[in-house]
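Student: I'd like to go over a predicted model; first the sequence, then the structure.
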Amino acid sequence: MTTKATARSARRRRSRFALGLGIVAVPLVLALLGPLFTGDPGPRSASFTLGGGHWLGTDFVGRDVWRQVLHGGRTVVLTALAATALAYLVALPVGLVSALTHLRRLEDVLMRPLDVLLAVPSLLLILLVASVFAPGAAGLALLVALVNVPDAARIVRAAAGEVAARPAVEALRMQGETWWRIAVGYVGRSSLRTLAADAGIRLTGVLYLVSTAAFLGVGVAPDAADWAVMVDRNRTGLLVQPWAVVVPALLIVALTTGTNLLFDAALEKTPRTKGRRP
Amino acid sequence: MRNSTDPVAEIRDLRVEIDGRAIVDGVRLRVRPGKVTALVGASGSGKTTTGLALLGEYPPGATVTGEVLRAGDAPAGYVPQHPAAVLNPARRVSALLDDLARPQVRHLPRSERRGAARELVLRALADAQLPDGEVLLRRHPHQLSGGQQQRVVLAQALLLGARFVVADEPTTGQDALTKSRIVQQLAAVAARGIAVVLLSHDLDVVRALADEVLVMRDGRVVESGPVRRLWSAPRHEWTRRLLDERRPVPEGGTSPDAGPPVLEVRDLVAAHGRSTVLRVPRITLRAGECLAVVGRSGSGKTTLARCLAGLHRDHRGEILLDGTALPRSLRHRDRARLAAVQYVFQDARAAFDEHRAMLGQVARTAVRLRGVDEHTAVREASAMLGRLGLAGDLAHRLPGELSGGELQRAALARALLARPRILVCDEITSGLDTVTRRALLDLLAGLLGERDDLSLVLVTHDLDTARLADRIAVLDAGDLVEQGPAQQVLTAPRHPFTVSLLEATAHLSSGNRSRAGT
């Protein structure tokens, strides 16, 4: 009975993994490979029309929506992924160092400036910097990463702090183990579950932030092929030609939902089955 | 009325199986009112599984056959080994107990309920040997000592009107004085006509408390009978081995009194934050000597050990190794000095990386502290583990797949690979059953005999363990109250605290049962 239950849960976990993968694959493949499959732009038609050789109709300036969808994912997806990776690239060492050091002052030097940054609303900061520097896609990724570092660093420090207090860390020190082995090999590895869960949430947050920024014209041109920009520009024609809004919006939703499903499935423990009398 | 000898609970031919492996096999057990039934055995012998079966609980994924009967659905109480785990940390003791008292006073008029519930709670606390209950009621669980938490859990069981109470290792890790208090408290519970099922590997406590003893091994009951018969005439070989542990004989006088000390502690004052927790004017340790540091929990003995190992940096005074001062923190000790003083942790499970196989972790000591190459280190580690009884497949397992005794051996192997001059062992036997403990202590004694440049600092609350030592230092509330040759401290103690500690130990092992009210 119990082995059946275990097998069932394993199957459920696998199917959940497959579902997450399937959902996340659609926007990812479209975003990364889409630009390779687009032909010539072709002549422009009238705005917000359906049919006439256009699969998904035309957008607010009469361009083919399908072509725009194929072109418009790369910036959003790459910026979001790059921003999340960058944020962790900074947050991991900062969090690990401040969790493992016994020097109060070093911890203050590392964490306090981040706390100041934490107090500024992220979108406000992005808009402020954007109004001065007018950043491109790479600049936007940097900006979004910057506003995410304080949160991520705090989470890393909290998760690592608990592990760093375990006797195992003292035992490793007693063995004369290197900082790298202690910090990454043990503390980092033991906090992996928490950090992976946070990365899943963070990617979602970053996606929305990048979309919102693009929505507001930061990082991309106002008429660029970009899923977020498409949603914004085409919403005037929503009732006439919904696909220009619905398709890119669905793709963004699929990306975030799929990512979270994937992380959930990857982190799920095999559920404990309660022993029962036969 | 029910006959007073009718069992309140009974287990018939219980078999608990996980993945085809029997954890408990063919256990029969009767729990009688007012009697203490003890389940004795090494860790992993199925004691806890049997105890929990009485409460109707089984490990996850278990297949269970056999019968567990409880007279008239008698409510049962469970006092776990770590009582903090079952007390809601966010609520005060009064709330925890009130919740159980409220339903019992529902028949009263609303205005009287509060007072009646209060009275029930106070009576339960008094019955659980917490006479100053009023003060405790306002506290949160974390503001209580481990012993007090245990008694609050017991009070919860009494409030429910439990007909029997299952106590899981209630004395593990406690000093002799606390132990005798726990014995009194459980005896008082039994005196009230409640059956007590005691799961323990502490034979002194079992002898002092139990009426009936079941000796378990590998899930089977190998022998059962009244406590007196079992002690005087054990029938089964395993029982004989278990009981025969009595007192490792102090060798005494083998260590050379001459020669300069390897380690010297001078005017050590250690603090936790603002409060001073340890004052040691002078302690010395010679080569080949074993020093036992004895005291109750909270006496500062672990802090002393951690100061020596460089794990507690918040201290003044000097710790000299061969006449030169050791840096306070191990971060500032070089490889040779790190290797010279090694420390073995109380909680072996928590002291290993749970993701890596044992062999690799142990071998790292030789790589890092002695500069041996990876290949040789693994070979040395494997040989060392083999010598300590962890041969072959065991060495390649993850820490989670090893038992407490095996982990502690691996921890010893890890420290020994550094070829230390001084090995600091912090309560390394406290969580282990008698057979495993004896084996580990024999191992330590053997190591001391083999290598005359190795000295041992043995931190323990257990005077029996301290008998292994050449010299004993006694700590009480952070002060070094007595220090001298083991023989002298154990037979002719000078300080009143040492006397009381010895008395409590003697009292427990003599098997006297001081039942309140009978």
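Tutor: Looks like it came in fine.
Student: in chain B, which segments are predicted with low confidence?
Tutor: B:1-5, B:73, B:173, B:244-259, B:509-518 (pLDDT under 70).
Student: try chain A
Tutor: A:1-6, A:39, A:52, A:222-223, A:268-278.
Student: can you map out the helices along the stretch 1-150 of chain B?
Tutor: For the stretch 1-150 of chain B, the helices defined by DSSP state H, counting those that start in this stretch occupy B:47-54, B:93-101, B:110-127, B:133-137, B:146-159.
Student: counting contacts, what elements does the last one pack onto?
Tutor: By that I understand helix B:146-159. Identification of packing neighbours for helix B:146-159 by 3 or more CB pairs under 8 Å, 6 or more residues apart in numbering or on different chains; DSSP states H and E yields strand B:76-79, helix B:93-101, helix B:110-127, helix B:176-191. For the C-beta atoms, the positions are set from N, CA and C on the backbone; glycine is no exception.
Student: Could you rerun that using 10 Å?
Tutor: strand B:76-79, helix B:93-101, helix B:110-127, helix B:133-137, strand B:164-168, helix B:176-191 (3 or more CB pairs under 10 Å, 6 or more residues apart in numbering or on different chains; DSSP states H and E).
Student: what's the most buried one of those?
Tutor: Mean neighbours per residue, mean count of other CB atoms under 10 Å in any protein chain shown, is largest over those for strand B:164-168, with a mean of 26.
Student: And the helices of the stretch 1-150 of chain B: which comes nearest residue A:139?
Tutor: Closest to residue A:139 of those is helix B:93-101 (CB to CB; 55.6 Å).
Student: The closest one versus helix B:146-159: what angle between them?
Tutor: 20 degrees (axes from the mean of the first three to the mean of the last three CA atoms, to 10 degrees).
Student: For helix B:93-101, what is the distance to the chain centroid?
Tutor: 29 Å (CA atoms, centre = their mean, to the nearest Å).
Student: same question, stretch B:223-232
Tutor: For stretch B:223-232, the distance to the chain centre is 24 Å (CA atoms, centre = their mean).
Student: List the buried residues in whichever helix or strand residue B:499 is part of.
Tutor: If you go by DSSP states H and E, residue B:499 is part of helix B:496-509. Residues of helix B:496-509 classed as buried: B:497-498, B:501-502, B:504-505, B:507-509 (neighbour count, 16 or more other CB atoms under 10 Å in any protein chain shown).
Student: Export the helices and strands packed on helix B:146-159 to a markdown table and append columns for distance to chain A.
Tutor: Below are the helices and strands packed on helix B:146-159 laid out as a markdown table (distance: least, CB to the nearest CB, whole Å):
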| stretch | distance to chain A |
| --- | --- |
| strand B:76-79 | 17 |
| helix B:93-101 | 24 |
| helix B:110-127 | 30 |
| helix B:133-137 | 29 |
| strand B:164-168 | 17 |
| helix B:176-191 | 23 |
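Student: Could you tell me which residues of the stretch 251-400 of chain B lie near chain A?
Tutor: B:306, B:309-311, B:313, B:329-331, B:333-335, B:338-339, B:341-356, B:361-370, B:399 (CB under 10 Å from any CB of the partner chain).
Student: Any of these buried? List them.
Tutor: Of these, these count as buried by 16+ other CB under 10 Å: B:306, B:309-311, B:330, B:333, B:338-339, B:341-353, B:361-370, B:399.
Student: Please, which helix or strand holds residue B:197?
Tutor: strand B:195-200.
Student: Specify the next element, helix or strand, located C-terminal of that strand.
Tutor: Criterion used, DSSP H and E; the element after strand B:195-200 is helix B:203-209.
Student: strands paired with the helix or strand that that following helix is followed by, and their directions?
Tutor: The helix or strand immediately downstream of helix B:203-209 is strand B:212-217, counting by DSSP H and E. Paired neighbours of strand B:212-217 in the sheet (DSSP bridges): strand B:36-40 (parallel), strand B:220-226 (antiparallel).
Student: If I take the last one and helix B:47-54, what angle do their directions form?
Tutor: With the same axes, to 10 degrees defining the directions, strand B:220-226 sits at 80 degrees from helix B:47-54.
Student: thinking again about what came up before, CA atoms only for the helix holding residue B:499 - export them in PDB, please.
Tutor: The C-alpha coordinates for helix B:496-509 follow below in PDB (Å, rounded to 0.1, in the frame of the first residue of the first chain):
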ATOM      1  CA  PRO B 496      30.400  19.900  49.400                       C
ATOM      2  CA  PHE B 497      29.300  20.100  45.800                       C
ATOM      3  CA  THR B 498      31.400  17.100  44.800                       C
ATOM      4  CA  VAL B 499      30.000  15.300  47.800                       C
ATOM      5  CA  SER B 500      26.400  15.900  46.700                       C
ATOM      6  CA  LEU B 501      27.200  14.900  43.100                       C
ATOM      7  CA  LEU B 502      28.800  11.700  44.300                       C
ATOM      8  CA  GLU B 503      25.900  11.000  46.600                       C
ATOM      9  CA  ALA B 504      23.300  11.500  43.900                       C
ATOM     10  CA  THR B 505      25.200   9.000  41.700                       C
ATOM     11  CA  ALA B 506      25.500   6.500  44.400                       C
ATOM     12  CA  HIS B 507      21.900   6.900  45.400                       C
ATOM     13  CA  LEU B 508      20.800   6.200  41.800                       C
ATOM     14  CA  SER B 509      22.900   3.200  41.200                       C
END
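Student: other SSEs contacting that helix?
Tutor: So helix B:496-509, by 3+ CB pairs under 10 Å, 6+ apart, packs with helix B:176-191, helix B:203-209, helix B:463-466, strand B:471-476, strand B:479-485, helix B:486-491.
Student: can you redo the ones you listed as TSV with distance to residue A:198?
Tutor: Converted to TSV, the helices and strands packed on helix B:496-509 look like this (distance: least, CB to CB, whole Å):
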stretch	distance to residue A:198
helix B:176-191	43
helix B:203-209	47
helix B:463-466	45
strand B:471-476	44
strand B:479-485	47
helix B:486-491	54
